[in-house]
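A.B. asks: Got a sequence here, can you model it:
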Amino acid sequence: MTDAQWVILEPLLPPGNTTSKGGRPEFVVRNRGLSWVGVCVFGLIAVFGFFRGQRDPAQASPEVPDPELTHDESLPTDPPTPKPPRRKPPRDTAPVRIGALPKAVRGRDSLLNRLERNLRKGGLAVLVGAGGTGKSTVARELVRRIRSQQKSGRRLQAWEVSAATPRSLVNGFRIVAENLGATPEELDAIRAPEPAGPESLWQLLEQAPHDWVLIIDNADEPEYLARPSGPDADSAPRLADDTGWARGGHRGLVIVTSRQRAKHHWPTTASIYPIDLLSEAQAAKILRDMAPKAGTVTQARALAVRLGRLPLALNLAGRYLGSSYAVHTKFESYRRALESDPTVIKLIDLHRRDPAAIERMMVMVTWELSLDALAAHDMPQARPLLRLLSCYAPAVTLPLSILETELVESFLAESIGHTMSSGFANPPVNQVLDGLDEVGLIDPILPSTKSGTDDTEEPMARGMIVHPVVADTNRTYLVDPRPGDVDELLVRRTAVGLLVAAFNELSAERPSDWPAFGVLTPHLQALLTNSAPRLAAAEPELDALVRVSCETAMAYAHMNSSEFGIELITLALAHPGMDGDDENSTVLIARQQLAYLLTDVGRADRAEEILRDVLNAQLRVSPAVDPANLVTRHNLAAVIRRTTEWTEAFAYFDSLTPTTRCAVMSVQLRCIRASSSPRFTAHRVVGVRLRRCCVLSWTTRRECRRVATALLSSHAIISPT
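C.D. replies: Numbering: from 1, shown residues only. Next up is the predicted model:
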């Protein structure tokens, strides 16, 4: 017996059997035997070990191999199922933009009082009116007013979501749900979006503490707020059905801002509040609040009337008069500058009863005066930069990082007739942005600092927002430029190049990049809608848009949103000449990816039709053994197999070489590794791919094992991280 063993055994022996009376057992107990106490102790240990092994077979029995693998290819078994995460208290990382408010909101006290009474009982309030009438300002002012009245320790929970595009809307709802402690399944339903998405969001809202406010801003397309339709739905759901994203709640108030006044667009339970122009007196107060030294009350009223009493135009004029760039520093001189263009005055008088027409004209005039002032202060780049920003999605945060490239510097120099090679130095981009901010043409967006101690910053959180009216009318100048204005093609090419460069930093196969895809997607949709039709089919920027649209679509497929990926690729190929261009490899790849997504959502017939067209187009310009053609054959065979046409599928598979099969399987394994949930272990991922390889590629089990072993080694798939 060793010394270490004796140290453990000695305390268990009776008092007489110690080192004081003979010491170690091999000397003392040789004739008397081991004490019955020691025997009992060791026996109990043995019995306990036996029953423990019976209760926990996983520890007592050897690992059960995967039936698809041999005994030496088995991988670790599944980890125990994790407990569902506990819901976190509500936070506001989709914060209300209170910082964009003026010090005082004029002329809306009666409406704010009615909305405050609505908050106590919950419901749905819709603020309707022309662009620039201050609908968003009223919604944000309600939140600021209530928070200022609350006692210390309490804080109204409020969120703001942009409905300018379908994707910005869904991204906003995802953030709200995440802040309310949504489970991964609930987040998937909202992100997809699935028909169950609105119900998942509303279950969370109805479980949140009382008295919250959810602002859905710029909902000029009410159908975006309807419940998403499933792939087999006979008809699209309507928002008026009260089953969509915007509905009346019992624990808080939903406020929607929109230009759509017609009642049939909205649920019958909604309270609709028209937002009209301000009175002369209240409009004059806004000007005097922003520029108190610019003149008398009478002069302010005269200018307010000339600006059409439109809050957005009043705000732009007031910000200009109060800025350090103002050339016209008085109400009277500013009014004379407006009236120096007789065409503008004639149009204002002609459309006096049309707020939308006045809105467009007055906003254009006011911001052009502001841009002239910036140009007079050695910032002529402000005008082309605002044109550039207006190409992206309005009312949605544009990440500042997009503009931090040499391409912007080159664009700003070229837009005013210089080149970077000539030694011309632009003012820093941030300086130009600060100038646009000071005169009120953009709103800066900074990361929230009140989202909780364990919160992580949203991707690309620092950025700016352009008002929809400013963006819309700026794009009008691109199509119909003024003398000496920046070239439209230069602006649109630069806008595409900047966004493509941002997408090139991302990968659809990296889950950590998926939130960034969500931030950039609304701006990609805006370029596809507004700029792509203005580009020629041969423009390389158009090919780049199609390529990043495909990468983005695959990212959404990994996020269980294949339907949206289909919409995105379809939009990218909608440009005249793109969908039918059989010689453009980018277009052919996009059509193949469209077929993949269609197959993923159960529309194999349409996918087969697309792949046959693609294969025929490829065979007209390249030999049958070309690698691209072989990959198309494999994809077509996989789709045909779904329609049980086994004979034809076998013919396509049999035409593939082992090298092609290995390449296809390599791509599939890499994708499944990137997109699999952490709940799956590596051996399940490999098992799924091996079974699919055996069926699809018509290979033997031995060949599958050989190829998979090589792939596992080359891709280092050890764990599902």
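A.B. asks: Leaving out sequence neighbours, find the closest residue to D188.
C.D. replies: N560 (5.3 Å; Cβ to Cβ, 6 or more residues apart in numbering). Where C-beta positions appear, they are placed from N, C-alpha and C, glycine not excepted.
A.B. asks: Can you give me the domain assignment for this protein?
C.D. replies: Using automatic domain parsing, the domain parsing of the chain gives 3-48, 98-274, 280-377, 395-402+441-643.
A.B. asks: hang on, the earlier thing: isn't the residue nearest to D188 up against R191?
C.D. replies: Yes - at 7.4 Å, N560 and R191 qualify as touching, with contact defined as Cβ atoms under 8 Å.
A.B. asks: So for stretch 289-296, mean pLDDT?
C.D. replies: Stretch 289-296 comes out with an average pLDDT of 94.
A.B. asks: wait, I meant stretch 437-456
C.D. replies: Rounded mean pLDDT across stretch 437-456 is 66.
A.B. asks: quick one, phi psi at I465?
C.D. replies: In terms of degrees, to the nearest 10, the main-chain angles of I465 are phi -130, psi 140.
A.B. asks: And it, how far from T268?
C.D. replies: 33 Å (Cβ to Cβ, to the nearest Å).
A.B. asks: Let's verify the residue nearest to D188: helix, strand, or coil?
C.D. replies: Here N560 is coil, with the state taken from DSSP: H, G, I helix; E, B strand; the rest coil.
A.B. asks: Now do the same contact list for it.
C.D. replies: Applying Cβ atoms under 8 Å, 6 or more residues apart in numbering, one finds that N560 lies in contact with D188, R191, A192.
A.B. asks: what helix or strand does the nearest residue to the second one once chain neighbours are set aside sit in?
C.D. replies: Taking Cβ to Cβ, 6+ apart as the measure, R191 lies nearest to R174, with 5.2 Å between them; neighbours along the chain are not counted. According to DSSP states H and E, R174 maps onto helix 166-179.
A.B. asks: Which strands or helices does whichever helix or strand comes after that helix pack on?
C.D. replies: Using DSSP H and E, the next helix or strand after helix 166-179 towards the C-terminus is helix 184-191. Here helix 184-191 touches helix 166-179, helix 197-207, going by 3 or more Cβ pairs under 8 Å, 6 or more residues apart in numbering; DSSP states H and E.
A.B. asks: Measure how the shortest one sits relative to helix 166-179, angle-wise.
C.D. replies: Read it as helix 197-207. Here the directions of helix 197-207 and helix 166-179 differ by 40 degrees (axes from the mean of the first three to the mean of the last three Cα atoms, to 10 degrees).
A.B. asks: after helix 197-207, next one along is what?
C.D. replies: strand 212-217.
A.B. asks: on that earlier part again, now the domains of the chain in TSV, with distance to Q431?
C.D. replies: Output for the domains of the chain, formatted as TSV (distance: least, Cβ to Cβ, whole Å):
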stretch	distance to Q431
domain 3-48	75
domain 98-274	21
domain 280-377	10
domain 395-402+441-643	13
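A.B. asks: between those domains, which gets the lowest average pLDDT?
C.D. replies: domain 3-48 has the lowest average pLDDT among these, namely a mean of 49.
A.B. asks: mind listing the strands for the stretch 251-400 of the chain?
C.D. replies: Listed in chain order, the strands of the stretch 251-400 of the chain (DSSP state E, counting those that start in this stretch) span 252-258, 271-274, 398-399.
A.B. asks: C-terminal to the shortest one, what's the next element?
C.D. replies: The reference is to strand 398-399. helix 406-415.
A.B. asks: Can you name the residues in contact with the helix or strand that comes right after that following helix?
C.D. replies: Next in sequence after helix 406-415, counting helices and strands by DSSP H and E, comes helix 429-438. With contacts defined as Cβ under 8 Å, 6+ apart, helix 429-438 is touched by 319, 323-325, 374, 377, 379, 381-382, 385-386, 400, 403-404, 408-409, 412, 442-444, 464.
A.B. asks: could I get stretch 615-635 in CSV with only the CA atoms?
C.D. replies: The C-alpha trace of stretch 615-635 is given here as CSV (Å, rounded to 0.1, in the frame of the first residue of the first chain):
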residue,chain,number,x,y,z
LEU,A,615,-28.6,25.6,-69.5
ASN,A,616,-29.8,26.1,-73.1
ALA,A,617,-28.3,29.6,-73.1
GLN,A,618,-25.0,28.3,-71.7
LEU,A,619,-24.8,25.6,-74.4
ARG,A,620,-25.2,28.2,-77.1
VAL,A,621,-22.0,29.9,-76.1
SER,A,622,-19.8,27.2,-74.4
PRO,A,623,-19.2,23.5,-74.7
ALA,A,624,-21.1,20.9,-72.7
VAL,A,625,-18.1,20.1,-70.6
ASP,A,626,-17.7,23.7,-69.4
PRO,A,627,-17.7,23.7,-65.5
ALA,A,628,-20.5,26.2,-65.4
ASN,A,629,-22.6,24.0,-67.6
LEU,A,630,-21.9,20.9,-65.4
VAL,A,631,-22.9,22.8,-62.3
THR,A,632,-26.2,23.8,-64.0
ARG,A,633,-26.8,20.2,-65.0
HIS,A,634,-26.4,19.2,-61.4
ASN,A,635,-28.8,21.8,-60.1
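A.B. asks: residues of it that come out buried?
C.D. replies: Within stretch 615-635, the residues that count as buried by 16 or more other Cβ atoms under 10 Å are L615, A617, Q618, N629, L630, V631, T632, R633, H634, N635.
A.B. asks: most neighbours per residue, which of the strands of the stretch 251-400 of the chain?
C.D. replies: strand 252-258 (a mean of 25; mean count of other Cβ atoms under 10 Å).
A.B. asks: Which strands or helices does that one pack on?
C.D. replies: helix 109-121, strand 123-128, helix 135-149, strand 212-217.
A.B. asks: let's see it at 10 Å
C.D. replies: Using 3 or more Cβ pairs under 10 Å, 6 or more residues apart in numbering; DSSP states H and E, the elements in contact with strand 252-258 are helix 109-121, strand 123-128, helix 135-149, strand 157-162, helix 197-207, strand 212-217, strand 271-274.
A.B. asks: Would you tell me which of these gets closest to L314?
C.D. replies: helix 135-149 (11.2 Å; Cβ to Cβ).
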